[in-house]
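> Sequence first, predicted model second:
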Amino acid sequence: MEGTPDVTLFDLLFGAVITFGLLAFVEAFLLSRWGMTPGKWIFRIRVVHEDNRLLSYGEALRRTFQVVTQGMCLGLPPMNLLFQILAFKEYVEGGTTAWDRRGHFEVQHANMRGLHLGVAIGVSLMIFSWIAQLPGATS
C-alpha cells in the first residue's frame, strides 16, 4: 500500500525487546512496592509470596522476565498466542504457573466491585474510543 511502511521481522523483534524490556523494570518496581500494577489493581489481583510478603525487586524482575519469555514468547505472533494458551491451560489445571511455583509466589484474586469495576469500564470505553479514532477503523 502506498504510504504504509514495510515492517520487517527485525522491526518486530526490536520493538518487542524494547517494549517488554522497559515495561519489565516498571512492573518489577510496582510488584515489589505494592504487589500489583495498575491493571492488576483494576482486576483486584496481587502477586505476593506464599506467606503474603511482597516480592523483592529482583524476584519481581525475574518473575516478569519469565512471564514475558515463557508465558508470552516476547509478544511475537503467532507464538505469543500459543504460549499464552499453554500458560492459561497450566493455570486452570494446576492453579498456578511454572514461574510462580518456582518463586513460591501466590497470585491472589478478589471480586471486582465499585471503584475497580468503574475504572475497568472507563478504561475499556477510552480504549474503544481511541481505536475508533484510528485511521481505517471505520469504512
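Received it, and whenever you're ready, just let me know what you need.

> helices or strands next to whatever helix or strand Val107 lives in in the packing?
With secondary structure defined by DSSP states H and E, Val107 is part of strand 105-109. Based on contacts counted as 3 or more C-beta pairs under 8 Å, 6 or more residues apart in numbering; DSSP states H and E, the elements that strand 105-109 packs against are strand 45-49, helix 98-103. For every residue, glycine as well, the C-beta is placed using N, CA and C.

> May I see the buried residues of that strand?
Of the residues in strand 105-109, those buried by neighbour count under the rule 16 or more other C-beta atoms under 10 Å are Phe105.

> Now do the longest helix along the chain: distance to the chain's middle.
The residue-count maximum for a helix in the chain (DSSP state H) belongs to helix 9-34. For helix 9-34, the distance from its own C-alpha centre to the chain's C-alpha centre is 10 Å (C-alpha atoms, centre = their mean, to the nearest Å).

> Make residue 1 into 7 and carry on from there
Will do, 7 is the new start, and the previous item becomes helix 15-40.

> That helix versus strand 111-115: what angle between them?
Angle between the axes of helix 15-40 and strand 111-115 is 80 degrees (criterion: axes from the mean of the first three to the mean of the last three C-alpha atoms, to 10 degrees).

> by contact count, what packs against helix 15-40?
Using 3+ C-beta pairs under 8 Å, 6+ apart, the elements in contact with helix 15-40 are helix 63-72.

> Pull out the CA atoms of the helix it packs on and give them to me as PDB.
Output of helix 63-72 as PDB, limited to C-alpha atoms (Å, rounded to 0.1, in the frame of the first residue of the first chain):
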ATOM      1  CA  TYR A  63      12.700  -6.100  43.200                       C
ATOM      2  CA  GLY A  64      15.000  -8.900  42.000                       C
ATOM      3  CA  GLU A  65      12.300 -11.500  42.500                       C
ATOM      4  CA  ALA A  66       9.700  -9.400  40.700                       C
ATOM      5  CA  LEU A  67      12.100  -8.700  37.800                       C
ATOM      6  CA  ARG A  68      12.900 -12.400  37.400                       C
ATOM      7  CA  ARG A  69       9.200 -13.300  37.500                       C
ATOM      8  CA  THR A  70       8.400 -10.600  34.900                       C
ATOM      9  CA  PHE A  71      11.100 -11.800  32.600                       C
ATOM     10  CA  GLN A  72       9.800 -15.400  33.000                       C
END
